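Peer 1: My questions are about this predicted structure, shown below with the sequence.
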Amino acid sequence: MTEDGLAGFSQKTTQYLTANGLNIAYETFGDRQQPALILVAGLYNQLVRWPVVFCQALADRGFFVVRFDNRDIGLSDKIEGARAPSLFRQYMKHRLGIPVAVPYRLDDMAHDVVGILDALKIRAAHLVGMSMGGMICQIAAGRYPHRVLSLTSMMSNTGVVGKGKSALMVSIQMLAKPAKNQSSLDHSVETLQMIGSPGYPVADSTVRAMLAAEYRRSSHPAGYVRQMAAINTSDNRVGWLRSLRMPVLVIHGLQDRLVSVDGGIDTAKHVANANLQIFPGMGHNLPSELLSTFADLILDNARAV
């Protein structure tokens, strides 16, 4: 992340396409004639959470890179008027499998990824997803294997109960409202610092600048609640993972407090010949010091096709 915290912002004009009846905001890097690589962001993360230097590093390694705002976030269409079920009902579905109605599921978001490929006339692409984006990419690779050349799942999990869970204090922080005399921005900075990488610290001012710029681009808290419901009510992905035959890379931070490292270990366990890479000192973000390494690993994984 740059000193001003705006590592994800570029001078590119945002473009729009239609996927599954939704207007999706996206940006591209690199040569359209090169193999496509789609970056899928995490929970309530706008496309700018993928640093420009990382997108450019992937383009320099021979990919046509697409980053986009998931549905219900950023400049993409919002699912207005749809309410997420209560956290209690989400819990009952997650732990006991009791059916619950939600505005959309991770499966729908995976279908969005394929819709983006269709809109851009891309036959198949390499998929890279972080956190919730990793979950979405796992489903897309399982459901639509003919559209996925390789998969990279970063700081994610399989949806298996007890694997890749949050530390208690992080769970409390994620659900808590700002304290008295604390702004929403202050609370968000506190949250990101709590789940960040202890081995690669970032100044509060840098995180604050990034979040402030994101808020100016778009702020839609209802989307956070609906995306969280999609995660909590979706089935585990073990069956899909076991079916994968394309190259699969799993990247995880050893000090991840939002999605514990056993989530990444469990992901790799269910995929034949998966390449598991665990980084000491890394939490639940993308340390700038590791971006070149990540790009090299993704390239190596893609070359295994």
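Peer 2: It's in.
Peer 1: What ranges does the stretch 201-305 of the chain have for its helices?
Peer 2: Taking DSSP state H, counting those that start in this stretch as the criterion, the stretch 201-305 of the chain carries its helices at 204-217, 221-233, 238-243, 262-269, 291-303.
Peer 1: Need the winner for burial among those.
Peer 2: helix 262-269 (a mean of 22; mean count of other Cβ atoms under 10 Å). Placement of C-beta: from N, CA and C, glycine included.
Peer 1: Against which helices or strands is that one packed?
Peer 2: Here helix 262-269 touches strand 248-253, strand 275-279, going by 3 or more Cβ pairs under 8 Å, 6 or more residues apart in numbering; DSSP states H and E.
Peer 1: Make a markdown table from the ones you listed and add distance to Gln56 and mean neighbour count to it.
Peer 2: Compiled in a markdown table, the helices and strands packed on helix 262-269 are given as follows (distance: least, Cβ to Cβ, whole Å; neighbours: other Cβ atoms under 10 Å):
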| stretch | distance to Gln56 | mean neighbour count |
| --- | --- | --- |
| strand 248-253 | 19 | 27 |
| strand 275-279 | 21 | 17 |
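Peer 1: any chance of the ones you listed in CSV, with mean pLDDT too?
Peer 2: CSV is the format used below for these (pLDDT from 0 to 100):
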stretch, mean pLDDT
strand 248-253, 98
strand 275-279, 98
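Peer 1: so which of those strands gets nearest Thr28?
Peer 2: Each of the helices and strands packed on helix 262-269 has some distance to Thr28 by Cβ to Cβ; the shortest is strand 248-253, at 22.1 Å.
Peer 1: Contacts for the closest one, please.
Peer 2: Applying Cβ atoms under 8 Å, 6 or more residues apart in numbering, the external contacts of strand 248-253 come out as 141, 150-156, 197, 259, 261, 263-265, 267-268, 271, 273-279, 281-284, 294, 297-298, 300-301.
Peer 1: quick one, it and strand 275-279 angle?
Peer 2: Per axes from the mean of the first three to the mean of the last three Cα atoms, to 10 degrees, the angle that strand 248-253 makes with strand 275-279 is 10 degrees.
Peer 1: Can you give the distance from strand 248-253 to the centre of its chain?
Peer 2: Centroid separation between strand 248-253 and its chain, computed with Cα atoms, centre = their mean, to the nearest Å, is 13 Å.
Peer 1: Sheet partners, orientation included, of that strand?
Peer 2: Strand 248-253 pairs in its sheet with strand 148-154 (parallel), strand 275-279 (parallel), by DSSP bridges.
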